[in-house]
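# Have a look at this prediction, sequence included:
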Amino acid sequence: MDSSHRAGRHRPSRRRRRRRRRARGYLVATLVVGGLLGSAAFFLGDGRGDAPSGARQPRGVVNVTPTPSRTPTPTPTPTPPPKPKPKPTPTEIDVPAKGSGTFVTARAGGEKVGHGPRPLRYVVRVETGLDVSPAQAADEIADILAAPRGWTHNQAYAFQLVGAGQPSDLTVSIATPGTADALCWAGIRQDTHGEYNCEVPGGVVVNLKRWVEGSPTFKGPIHDYRALIINHEMGHFLKYTHTTCAGPGQLAPVMMQQIKGLHGCVSNAWPYDGNGRFVTGPHVP
């Protein structure tokens, strides 16, 4: 009985138990190694690899795009404003046939221009009731007399604009055609036919029609024709007489009566040319 009972409860041999323990050891080791490799792969892919677009970036890393440096813009050197030139008298004004016969003298003054030892002092006056500012006309005439190609190119001459009530050597009068005719006839017994200017004792008479409209024979801006008026009549005051064209294509002398025809010459408002030569021609008897 005892022997059969022991046979039914037979225990495995020692060799078999050792094989089982060894197999369990291999299994545990395999599981441990697999877990470690999985953890290593996780950390390598998350913290040190080239993460694909959209993958979580490692903490503490901030991508900063560098801002390009700007080159400072240099501050421009301010340019001083140009000195304003006298504004010419407007040309769109009425020219009545005859005015009041009374005048308003410009309350203006200026520096001496030219190198002459004694400046020729002049005042400018405008017939009352006209749309011409006496002060503005005076400034324009002063600008003409101070020009490099004007009479002051001659070292013997000088001019100075003076105001009303100051001592003067001559008067420049701007008058309607009728008043200009009366002044020219009274001064030199010349009939100007309501068209021309003249030089009279003690002054120059400028026909308003010429001052505003210019001349059909003169090619150039109105300010240049006004320069011809002033330079021609002032030339008479300086004792210059009439001359005529020196030849086709040449500049017309300022002492030529250019309103009566150019005779082949080119319109010119100045006593001197661009090279400083005096422009003249044959004298008119």
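Sure, I can see it.

# Please point out which parts of stretch 245-261 sit buried.
Across stretch 245-261, burial judged by 16 or more other Cβ atoms under 10 Å covers 245-246, 251-256, 258-259. C-beta: built from backbone N, CA, C; applies to glycine.

# Nearest to W211, out of those residues: which one, please.
The nearest member of the buried residues of stretch 245-261 to W211, counting by Cβ to Cβ, is I259 at 12.8 Å.

# Tell me how far the closest one lies from H242.
Distance, I259 to H242, by Cβ to Cβ, to the nearest Å: 12 Å.

# thinking again about what came up before, for the buried residues of stretch 245-261, give me JSON lines that also has distance to P96, secondary structure and pLDDT.
Listed next are these as JSON lines, based on distance: Cβ to Cβ, whole Å; DSSP: H, G, I helix; E, B strand; the rest coil; pLDDT from 0 to 100:
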{"residue": "C245", "distance to P96": "34", "secondary structure": "coil", "pLDDT": "97"}
{"residue": "A246", "distance to P96": "39", "secondary structure": "coil", "pLDDT": "96"}
{"residue": "L251", "distance to P96": "35", "secondary structure": "strand", "pLDDT": "98"}
{"residue": "A252", "distance to P96": "30", "secondary structure": "coil", "pLDDT": "98"}
{"residue": "P253", "distance to P96": "33", "secondary structure": "coil", "pLDDT": "98"}
{"residue": "V254", "distance to P96": "29", "secondary structure": "coil", "pLDDT": "98"}
{"residue": "M255", "distance to P96": "30", "secondary structure": "coil", "pLDDT": "98"}
{"residue": "M256", "distance to P96": "29", "secondary structure": "coil", "pLDDT": "97"}
{"residue": "Q258", "distance to P96": "25", "secondary structure": "helix", "pLDDT": "96"}
{"residue": "I259", "distance to P96": "21", "secondary structure": "helix", "pLDDT": "95"}
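
# where along the chain do the helices fall?
With helices called from DSSP state H, the chain shows them at 2-8, 14-47, 134-145, 177-188, 208-213, 222-237.

# Output stretch 264-281 as CSV - backbone C-alpha positions only.
The C-alpha trace of stretch 264-281 is given here as CSV (Å, rounded to 0.1, in the frame of the first residue of the first chain):
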residue,chain,number,x,y,z
GLY,A,264,16.9,140.7,-90.5
CYS,A,265,18.2,140.9,-86.9
VAL,A,266,17.2,138.8,-83.9
SER,A,267,15.1,140.2,-81.1
ASN,A,268,17.3,141.4,-78.2
ALA,A,269,16.5,143.2,-74.9
TRP,A,270,20.0,143.8,-73.6
PRO,A,271,22.8,146.3,-74.3
TYR,A,272,25.5,143.5,-74.1
ASP,A,273,25.6,140.0,-75.5
GLY,A,274,26.4,136.8,-73.5
ASN,A,275,30.1,137.4,-74.0
GLY,A,276,30.0,141.0,-72.7
ARG,A,277,30.3,142.7,-76.0
PHE,A,278,28.2,145.8,-76.6
VAL,A,279,25.6,145.2,-79.3
THR,A,280,25.4,148.1,-81.8
GLY,A,281,24.9,148.9,-85.4
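
# For that stretch, buried residues please.
265, 267-272, 279-281.

# With stretch 179-187 instead?
So for stretch 179-187, counting by 16+ other Cβ under 10 Å, buried means 179-184.

# same question, stretch 202-218
Residues of stretch 202-218 classed as buried: 203-212, 214-215, 218 (neighbour count, 16+ other Cβ under 10 Å).

# With stretch 153-161 instead?
Per 16+ other Cβ under 10 Å, stretch 153-161 contains these buried residues: 153, 157-161.
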